[in-house]
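Enquirer: Can you look at this prediction? I've put the sequence above it.
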Amino acid sequence: MHSLRLVLALLLSGFGLLAAALVLSSPSANAAVGRDPAPDVYRYTDHPTRASTGRILQIYVDGDFNEGERQRIASAIKQWNHVLNGTLRLQAELLPNASPRVLAQIRRSGAWFVARVDSNHTVARLPEARQAMALTVGGSGGGIVYVIGDRFPAGELTAVMLHEFGHVLGAGHDDRGHLMASVYDRRNGHCIDRGAAAMVAAAQRIPVSRFNWCVGPGLEMSQR
């Protein structure tokens with residue numbers, strides 16, 4: 001970890017930039033982000049928070065994302081942190097111009113990198129990614145989320161990242177649910193439903209009762 005920090009510091013100082021935490025100035029997590037005509041009908045539960053475990057999952061964000069895109073990623077992180085309710089916290093930093101060597105060190109440290117690519121990227125041409133908006137590669141030891149930015153409107157980025165961060169946290173696909181369905185449906189990306197929260201809770205070995213989740217129209221099937 002010390003060597004990772006040193007390399008990151010050298011990299012960022014070389015470009016005259018400091019690794020800055022993403023500004024979480026998005027709306028409150030209890031006002032779920034979506035593209036529904038009345039998004040305020042979706043809300044998160046607000047269960048009492050126990051003492052924080054201090055567990056942090058580091059997320060580095062590609063400097064190729066513009067400011068608006070960073071805010072949408074930050075919104076997804078803020079919502080997941082509300083759901084995780086102190087049991088684990090996603091912590092994001094901006095990382096401009098990451099080299100392959102730094103990316104390798106990020107993965108070895110157990111952290112994640114959110115990369116912005118387009119349809120011409122090697123990963124985007126893989127069979128499993130040909131129709132995908134994003135692809136998460138890695139596991140409990142860290143990895144990379146490839147966001148294929150030219151395949152969807154910028155307004156969909158929060159929903160895409162809510163889904164991908166679910167994978168980062170250990171959730172698989174669940175076509176009985178909403179957010180983690182295998183086929184993207186813009187109507188399912190309002191917020192993090194109980195089905196998604198339950199899969200992450202199981203992966204992290206935390207009782208789902210300690211989490212929060214989204215409630216609202218159409219989410220009843222995932223409240224299991």
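Expert: Everything's here; your move. Numbering: from 1, shown residues only.
Enquirer: what about the nearest residue to residue 136 once chain neighbours are set aside, which helix or strand?
Expert: In space, residue 136 comes closest to residue 167 once its chain neighbours are excluded; the distance is 4.1 Å by Cβ to Cβ, 6 or more residues apart in numbering. Every C-beta, even on glycine, is put in place using the N, C-alpha and C of the backbone. Using DSSP states H and E, residue 167 sits in helix 157-168.
Enquirer: residues touching residue 69, list them.
Expert: Taking Cβ atoms under 8 Å, 6 or more residues apart in numbering as the criterion, residue 69 is in contact with 116, 149, 154, 157.
Enquirer: I'd guess the first one is in a strand, am I close?
Expert: It refers to residue 116. Yes: checked against DSSP: H, G, I helix; E, B strand; the rest coil, residue 116 lies within a strand.
Enquirer: tally of neighbours for the closest residue in space to it that isn't next to it in sequence?
Expert: Distances taken as Cβ to Cβ, 6+ apart place residue 64 nearest to residue 116, at 4.3 Å, with adjacent residues excluded. Residue 64: 15 surrounding residues under other Cβ atoms under 10 Å.
Enquirer: Residue 64 in helix, strand or coil?
Expert: Three-state assignment for residue 64 (three-state DSSP): coil.
Enquirer: Next one, pLDDT for it please.
Expert: Looking at residue 64, its pLDDT is 95.
Enquirer: and if you look at the one 3 residues further on?
Expert: Predicted confidence (pLDDT) at residue 67: the value is 97.
Enquirer: ok, back up a step: I'd like to know how far the residue nearest to residue 136 sits from residue 90.
Expert: As judged by Cβ to Cβ, to the nearest Å, residue 167 and residue 90 stand 13 Å apart.
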